[in-house]
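Q: one predicted model, sequence on top.
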Amino acid sequence: MTDLFEARAEAFAAQTAPLATRMRPRTLDEVAGQTHLLASDSAFRHIAASSNPISLLLWGPPGTGKTTLASIVAKNAEAAFETLSATSAGVKDIRGVLAGAKQRLATEERRTVLFLDEIHRFAKNQQDALLPGVEDGTLILIGATTENPYFEVNSPLMSRMTLFRLESLTPDEIHALLNRALDDPERGLGAMGLTIDSDVATELATRTGGDARQSLNSLEVAARMAEAAGRQEITFDDVSEALQRRLVRYDKTGDSHYDVISAFIKSIRGSDPDAAMYWLMLMLEGGEDPEFIARRLIILASEDVGLADSEGISVAVSAAEALAYVGLPEARYHLAHATLFLATAAKSNSVGRAMRAAQELVEGGPTPSVPPHLRSSSYSGASDLGHGEGYVYPHDDPLGVAKQQYFPDGVDPRPIFRPGHHGHEKDIADRLSKIDEILGRRGR
């Protein structure tokens, strides 16, 4: 009788579960997207279809099928499927799964697949607790993470797992998934007899950012709204209401943190103010630390604009100070101001090139000895040592440039700073050519 009640409970749960859960693929052929993983000759497909799989690490955005693929791996291996979430589980839970896996292996000769969602949220000691079971084959671990595992997963654990990266679904792939859900009378919405215009489906597919789970759940809400209104067609208004507001797909603590700030900096460096503003607002909408953005702008002002427009560093620092004074949301104006100024400014990397050239000369040259005439003569007894003797004060020269030795003995007085030809550096280059002539320096 208990089994009968359990079967009825499971059947009822399956009927009332969210659409995304009901439509979860049961085979590899039903999986949407991930064509790079599911090709007939791919390594992942061979592993997933195997009766003896290995431990895996699945890295990708939400709603790309990590849980689905793990369950299919377990099903194909005829293994028990255990799930834990690193947001709520601890070492005690891991030990419980390991104990059950050992007993199952001994009594049933059946292996266990442990799907650990958000594995990146486990602390080092929690990740270490998984090592013995993975290493001796007691369980097959399939970890899922939305973060770059090279930053978040311990090296010993990563070395025992094979990493596969999942990609967000394309709008076309989401579109096909929506149509399948509308047509399926058993697991989907087919029994409702609803239709959706291609443009409306495309809007939904585009605005959910490649997240299959969010797409299906939004479709279900839109379908309920159409049904309540007595319509058989899902409209733009239904979709807009179901979505409410587009989810900003950006995790300020994870992989996106590094990729988006990189895109932001490279857009400014490439003098594209439009793309730079897009990435800036994506970060701010996603909750990125505004001080982090301000620091990056200050660095870029010297690294990529530099002497081509020295006002850039003042603008960037002022934006950071304004952020400290007024905070968000008002300081968005100042960050945007600095972003647009730096993106449209003339560019030069001469500061960084000069730093690297000087560093190479310091590291590859002799131990320097400051020439006597350049040494400090501001203390009593310095003149007795000959310090400062022979120094020519540049301001006494009509041109303001004194021809004398400035490099230490044994170091070739080569050009280190090479100005560019954009913005204010053109003027600097002209002045420097005259200085080189006075100093007798060649080759700049």
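A: Here it is on my side, so go on.

Q: what's stretch 228-238 in contact with?
A: 193-197, 199-200, 203, 219, 222-223, 225-226 (Cβ atoms under 8 Å, 6 or more residues apart in numbering). C-betas here are computed from N, CA, C, even on glycine.

Q: quick one: which two of those are the most distant?
A: The distance between the two most remote of the contacts of stretch 228-238 (Cβ to Cβ) is 21.5 Å, for Gly193 and Glu203.

Q: distance of Ser159 relative to Ile196?
A: 47 Å (Cβ to Cβ, to the nearest Å).

Q: how about Arg187?
A: Taking Cβ to Cβ, one finds Arg187 at 18 Å from Ile196.

Q: so those two - more neighbours on which side?
A: Ile196 (24 against 17; other Cβ atoms under 10 Å).

Q: how about the more buried one, what does it touch?
A: If you count contacts by Cβ under 8 Å, 6+ apart, then Ile196 has Leu178, Leu182, Leu204, Leu219, Glu233, Ile234 around it.

Q: at 10 Å what do you get?
A: 175, 178-179, 182, 189, 202-204, 219, 222-223, 226, 233-235, 238-239 (Cβ atoms under 10 Å, 6 or more residues apart in numbering).

Q: report the buried members of the residues you listed.
A: 175, 178, 182, 189, 202-204, 219, 222-223, 226, 234-235, 238-239 (16 or more other Cβ atoms under 10 Å).

Q: quick one: least confident of those residues?
A: Ranked by pLDDT, the buried ones among the contacts of Ile196 bottom out at Glu203 (84).

Q: where's the residue lying closest to that residue once chain neighbours are set aside, which helix or strand?
A: Distances taken as Cβ to Cβ, 6 or more residues apart in numbering place Val239 nearest to Glu203, at 5.9 Å, with adjacent residues excluded. According to DSSP states H and E, Val239 maps onto helix 236-243.

Q: pull that helix out as CSV, backbone CA atoms only.
A: Taking Å, rounded to 0.1, in the frame of the first residue of the first chain, the C-alpha atoms of helix 236-243 are listed here in CSV:
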residue,chain,number,x,y,z
PHE,A,236,3.6,40.0,-26.6
ASP,A,237,1.8,41.4,-23.6
ASP,A,238,1.6,37.9,-22.0
VAL,A,239,5.4,37.4,-22.5
SER,A,240,6.3,40.9,-21.2
GLU,A,241,4.2,40.4,-18.1
ALA,A,242,5.6,36.9,-17.5
LEU,A,243,9.2,38.2,-17.8
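
Q: mind listing what's buried in that helix?
A: Quick answer for helix 236-243 (16+ other Cβ under 10 Å): Asp238, Val239, Ala242, Leu243.

Q: what would those look like in a markdown table with distance to Ala20?
A: Listed next are those as a markdown table, based on distance: Cβ to Cβ, whole Å:
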| residue | distance to Ala20 |
| --- | --- |
| Asp238 | 18 |
| Val239 | 16 |
| Ala242 | 13 |
| Leu243 | 15 |
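
Q: kindly indicate which of these lies nearest Gly210.
A: Of all these, Gly210 sits closest to Leu243, with 14.2 Å by Cβ to Cβ.

Q: what residues does the closest one make contact with?
A: Counting by Cβ under 10 Å, 6+ apart, Leu243 touches Glu203, Leu204, Arg207, Thr208, Gln214, Ser215, Ser218, Val221, Ala222.

Q: next: Ala345.
A: So Ala345 contacts 268, 271, 301, 304-306, 308-312, 315, 422-424 (Cβ under 10 Å, 6+ apart).

Q: just the buried residues of those residues.
A: Burial of the contacts of Ala345 was assessed by neighbour count (16+ other Cβ under 10 Å); the buried members are 268, 301, 304-306, 308-310, 312, 315, 422-424.

Q: follow-up on the earlier one: from the buried ones among the contacts of Ile196, which single one is nearest Leu284?
A: Glu203 (24.7 Å).

Q: burial measure for the closest residue to Glu173 other than its chain neighbours, as a count.
A: Nearest residue to Glu173 in three dimensions, chain neighbours excluded: Gly33, at 4.5 Å (Cβ to Cβ, 6+ apart). Gly33: 23 surrounding residues under other Cβ under 10 Å.

Q: can you show me the strands along this structure?
A: Per DSSP state E, the chain carries strands over the ranges 56-59, 80-85, 112-117, 139-145, 162-165, 195-196, 233-234.
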